[in-house]
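>>> Quick one: sequence plus predicted model below, questions after.
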Amino acid sequence: MNSNSKVSFQTLNRTKLVDDVVVQLQKIISSGELQYGDKIPTEPELMEQFGVGRSTIREAVRVLVHAGLLEKKQGFGTFLASTSVIQEPLENRLRRAEIVEVYEVRKMMELEISRLAAERRDEQDLEHMRHFLDQRSDALSKGDTNGYLNADIEFHIAVAAASKNHVVADLYRTFSSVLREALFKLAKDKEGHDPNTEFHEKLFESIKAKDVAAAELWTLRNLDGTVGQLRDWMNMN
């Protein structure tokens, strides 16, 4: 029988399979269902439960061993590691997290960032914020999604810089690189996406006026609005 050259198949994304396995295993570990010293299921058991091949399971386990969550004992199996320190780079960990979880942490950070920025900002900080807000509005008016997102992220980084805490500013930059991917998907949904321009302008005015309470209020309004949009977007996809 001759093969039908018209038949084609979509190449499976093995990397995504590995990521999916890693995420599920990490959730089990984070939930406390496994305790220090507990042995995880064997390769054949994991292959059956996940419905994937041996190479996918081995790669997922390797990722978690490298992250310090699991440890292999030759001849005995793989166990939950004794160390509570996750050695995986933060950006990699964020990429595996649920986006709403990331936003919950962003919310904690930004409330303190906006408070400190309102207390500590200087004129140069205000100039940077105003510059990126204007870029943001200009890109929105032109329908330039990339320009809008870049300016939006740079505005929030400028707010973080105004906190005068270099550690939190660096952490925010790491968060932003991951958040941009989710925001780009959200921004492409023109009907479901609200850029919350008013909230950003109010936040800027609050920081300019050194009004700490107002800065926290508009930070919350902005993030709560975006989280609601993200939840709606995820429910539709």
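Yes, it's here.
>>> For the chain, give me the ranges with low pLDDT.
Scanning the chain for pLDDT under 70 picks out 1-15, 30-31, 82-99, 182, 185-194, 227, 229-237.
>>> Do a quick rundown of the strands in it.
Counting by DSSP state E, the segments of the chain that form strands are 70-73, 77-80.
>>> and the ones you listed, which is most packed in?
With neighbours defined as mean count of other Cβ atoms under 10 Å, those peak in mean count at strand 77-80, which reaches a mean of 16. C-beta coordinates here come from the backbone N, C-alpha and C atoms, glycine included.
>>> Can you add distance to Asn165 and give the strands of the chain back as CSV?
Written out in CSV, the entries for the strands of the chain read as follows (distance: least, Cβ to Cβ, whole Å):
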stretch, distance to Asn165
strand 70-73, 34
strand 77-80, 34
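>>> So for Tyr36, which of these sits nearest?
Put simply, out of those the one that sits nearest Tyr36 is strand 77-80, at 5.5 Å, with distance taken as Cβ to Cβ.
>>> which helices and strands does the closest one pack with?
Contact here means 3 or more Cβ pairs under 8 Å, 6 or more residues apart in numbering; DSSP states H and E; on that basis strand 77-80 packs against strand 70-73.
>>> where's the strand it packs on relative to the chain centroid, distance-wise?
28 Å (Cα atoms, centre = their mean, to the nearest Å).
>>> Phe132 reaches Phe155, doesn't it?
Yes: distance between Phe132 and Phe155: 3.9 Å, which falls inside the contact criterion (Cβ atoms under 8 Å).
>>> Please parse the protein into its domains.
Here the domain assignment for the chain is 14-80, 90-236, based on automatic domain parsing.
>>> which of those is buried the deepest?
The most buried stretch of these, if neighbours are counted by mean count of other Cβ under 10 Å, is domain 90-236, with a mean of 17.
>>> gap between Asp125 and Phe79?
Spatial separation of Asp125 from Phe79 under the definition Cβ to Cβ, to the nearest Å is 49 Å.
>>> And for Tyr148, nearest residue in space, chain neighbours not counted?
The spatially closest residue to Tyr148, leaving aside those adjacent along the chain, is Ala139, at 4.0 Å (Cβ to Cβ, 6 or more residues apart in numbering).
>>> surely the one you found meets Ala151?
Yes: the pair formed by Ala139 and Ala151 meets the contact definition of Cβ under 8 Å, at 5.8 Å.
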